[in-house]
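Enquirer: Quick one: sequence and predicted model below, then my questions.
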Amino acid sequence: MATVGSGRPDVPGRSEPTQRSSSRPSVPMAVDLRRIDARKARFRAFMTLISVLLLLGTAVFVAVVLVRGASPRPRLDFVRMGSLEKTYPATALIVRDESVYLSNAKGFFRPMATEGSRVPANGLLAYVTPQDGIQTLKDLQNIDQQIADLQRDLLLRGKGQAARAIFDETDQNLSTLAERIRRTVDRSDLNGVSRIAASIGILIELRNSDLATVDFNDSRLDQLQAEKSALETSLGLESASMSAVSPGIVAYETDGLEGLLTSASVDTLRADEVQGHLGALSRRADTTRELEVGTPVLKTIAGPYQYFVLLATGVDASVFLKGNLQTLRFPTDGTGSIQAQVWRAENTETGALLVFRTDLLLERFSDRRAEPVVLVRKSEPGLKVPVASFVVFDRNLRTATLKIVTGGYVRLSEVRVLDYDREDAVVVAMPGSTYAIEENGILVVEPGSIAEGEAIG
């Protein structure tokens with residue numbers, strides 16, 4: 001049965017629904033939510049600000065790095081004292097007082113003194129063996145070889161221990177001659193090799209002579225020594241001996257210039273004469289063949305000095321004062337540098353004619369008339385700087401301007417250029433310069449990288 005005034009039928013067992021609660025929160029809860037939203041908004045704004053600042057900082061850093069990389073930093077260096085070294089290659093004509101010895105008999109030449117060794121007056125220089133004594137000479141060489149082989153065999157067995165030092169000394173001298181052979185071959189001087197070979201033969205003979213004094217206590221060796229003594233006596237009777245007239249250094253290189261090139265001639269030698277002698281050097285006689293009487297076979301060098309005469313191009317002779325010491329190098333010989341005294345210097349049309357005197361290398365250069373040489377000239381000492389550091393350079397006036405650091409600022413300094421080459425220059429401060437360069441001062445090596453008056457940070 002429907003209830004009066006109701007639009008819905010009365011459903012049994014179902015009561016009327018209660019009134020719904022409102023969906024809007026209470027006042028305290030709404031306030032809390034607004035506070036949370038505000039804090040979140042402020043945090044987002046703060047993080048956004050931090051991100052923007054980081055981005056701006058990164059951009060500024062990159063810009064600074066790029067700017068610094070684009071503009072070169074000035075390269076600085078300390079100023080040091082120094083000098084320049086210039087080299088002038090030339091060929092030196094070697095001059096000294098020499099005495100030539102001629103063959104005093106017809107026969108084969110047998111040297112008895114090593115090249116470069118000193119002999120006293122009346123010292124034995126060589127033998128000239130006639131044709132009929134050649135077989136005796138060969139027999140003597142064969143006996144020498146047998147003696148040397150037996151001595152080494154006995155030494156290995158523990159006999160004649162005193163001979164070990166003699167063998168070692170000879171081996172050392174032979175090693176030195178072997179090195180000379182290598183250098184001589186490098187110069188394509190085959191005649192020089194034959195001369196050194198003769199010296200090797202003499203060293204072997206000297207070794208055999210020293211070993212003869214050692215008692216090996218062996219009858220076979222005694223018999224060989226007796227045979228050798230007999231052959232030497234026979235060969236000596238058959239051969240003509242040559243002895244030194246005066247003390248000197250032995251050399252087997254004769255060229256016909258010994259009478260022209262003496263210590264007295266170096267004061268009058270002309271440039272054209274020097275060129276002529278260097279271009280027409282003759283060779284010594286071939287002493288491996290039978291010689292005629294009067295053939296030049298050796299010479300001795302007298303006196304304590306030898307002279308190097310050379311023509312150098314690109315150098316002014318006026319800078320070489322007589323009596324001063326000058327550095328000379330010998331690039332093909334390996335002897336290093338020596339100090340030679342300036343004896344003569346004059347300018348010629350073909351270059352500077354220079355004469356240097358020295359008491360060094362007489363024995364070593366005894367077999368030579370000419371030798372490649374490098375003239376080494378050092379400039380006046382001063383402050384050494386790179387040529388690239390010049391702001392302005394007047395080559396005619398020998399003046400330049402540099403950038404130096406004074407009081408933390410870049411300043412211009414005027415200098416006088418003493419000498420220069422492609423890389424470096426030697427300078428001194430110009431008198432009256434406002435900012436004078438000095439040792440241990442700071443130099444701007446690349447002057448274009450910073451302006452004058454700018455501070456060095």
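Expert: Sure thing, it's come through.
Enquirer: C-terminal to the helix or strand bottoming out on mean pLDDT in the chain, what's the next element?
Expert: Lowest mean confidence among the helices and strands of the chain (mean pLDDT, DSSP states H and E): helix 190-211, at a mean of 68. For helix 190-211, the following helix or strand on the C-terminal side (DSSP states H and E) is helix 219-238.
Enquirer: Can you list the neighbours in contact with that next one?
Expert: For helix 219-238, contacts defined as Cβ atoms under 8 Å, 6 or more residues apart in numbering pick out 127, 129-130, 132-133, 136-137, 139-140, 143-144, 146-147, 150-151, 154, 212. In short, each C-beta sits where N, CA and C put it, glycine included.
Enquirer: One more pass at 6 Å, please.
Expert: 133, 136, 139-140, 143, 146-147, 150 (Cβ atoms under 6 Å, 6 or more residues apart in numbering).
Enquirer: Averaged pLDDT, that helix. What do you get?
Expert: If you average the pLDDT over helix 219-238, you get 80.
Enquirer: just stretch 311-324 next, same as before
Expert: 91.
Enquirer: Give the pairing partners of the helix or strand harbouring L353; include direction for each.
Expert: Using DSSP H and E, the element containing L353 is strand 351-358. Strand pairing for strand 351-358, using DSSP bridges, gives strand 296-312 (antiparallel), strand 337-348 (antiparallel).
Enquirer: Give me the three-state assignment for L418.
Expert: When classified by DSSP: H, G, I helix; E, B strand; the rest coil, L418 comes out as strand.
Enquirer: For it, which non-adjacent residue is spatially closest?
Expert: V426 (4.5 Å; Cβ to Cβ, 6 or more residues apart in numbering).
Enquirer: Summarise which helices and strands the helix or strand containing the one you found is packed against.
Expert: Element membership of V426, judged by DSSP H and E, is strand 424-429. With contacts taken as 3 or more Cβ pairs under 6 Å, 6 or more residues apart in numbering; DSSP states H and E, strand 424-429 sits against strand 382-386, strand 409-420.
Enquirer: Pull the contacting residues for the residue nearest to G248 when sequence neighbours are not counted.
Expert: Using Cβ to Cβ, 6+ apart and skipping residues adjacent in sequence, the residue nearest G248 is T300, 3.1 Å away. Neighbour list for T300: 99, 244, 248, 250 [criterion: Cβ under 6 Å, 6+ apart].
Enquirer: got CSV for those, with pLDDT, distance to P372 and secondary structure too?
Expert: Listed next are those as CSV, based on pLDDT from 0 to 100; distance: Cβ to Cβ, whole Å; DSSP: H, G, I helix; E, B strand; the rest coil:
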residue, pLDDT, distance to P372, secondary structure
S99, 93, 27, strand
A244, 92, 31, coil
G248, 93, 26, strand
V250, 92, 24, strand
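Enquirer: what's the straight distance from one end of stretch 247-265 to the other?
Expert: Terminal residues of stretch 247-265 lie 22 Å apart, using Cα to Cα, to the nearest Å.
Enquirer: which of the residues in it are buried?
Expert: 248-255, 257-258, 261, 263 (16 or more other Cβ atoms under 10 Å).
Enquirer: same thing with stretch 314-329?
Expert: Here stretch 314-329 shows 315, 317, 320, 326, 328-329 as buried, counting by 16+ other Cβ under 10 Å.
Enquirer: So, low pLDDT: which residues of the stretch 51-200 of the chain?
Expert: 64-72, 183-198 (pLDDT under 70).
Enquirer: got the residue ranges for the strands in it?
Expert: For the stretch 51-200 of the chain, strands defined by DSSP state E, counting those that start in this stretch occupy the ranges 76-78, 80-82, 85-102, 108-111, 118-119, 124-129.
Enquirer: What helices and strands are in contact with the third one?
Expert: Which is strand 85-102. Checked by 3+ Cβ pairs under 6 Å, 6+ apart, strand 85-102 has helix 271-279, strand 296-312, strand 370-378 packed alongside it.
Enquirer: for the last one, same thing?
Expert: Other helices and strands packing on strand 124-129, by 3+ Cβ pairs under 6 Å, 6+ apart, are strand 108-111, strand 240-243.
Enquirer: For R364, which of those strands is the nearest?
Expert: With Cβ to Cβ, the closest approach to R364 among the helices and strands packed on strand 124-129 belongs to strand 108-111: 18.1 Å.
Enquirer: how far does the closest one sit from the chain's center?
Expert: Distance of strand 108-111 from the chain centroid (Cα atoms, centre = their mean, to the nearest Å) equals 40 Å.
Enquirer: Likewise for stretch 414-433?
Expert: With Cα atoms, centre = their mean, you get 27 Å for stretch 414-433.
Enquirer: Name the residues of it that are buried.
Expert: Buried, per 16+ other Cβ under 10 Å, within stretch 414-433: 414-420, 424-430.
Enquirer: Can you list the neighbours in contact with that stretch?
Expert: With Cβ under 6 Å, 6+ apart, stretch 414-433 has contacts from 83-84, 379-380, 382-387, 398-402, 413, 436-437.
Enquirer: Now the buried members of those residues.
Expert: For those, buried by 16+ other Cβ under 10 Å: 84, 379, 382-385, 399-402, 413, 436-437.
Enquirer: Now for the residues you listed: which two are most distant?
Expert: L84 and A436 (21.4 Å).
Enquirer: ok, back up a step: pull the distance from the strand holding L353 to the chain's centre.
Expert: 23 Å.
Enquirer: Good, wrapping up.
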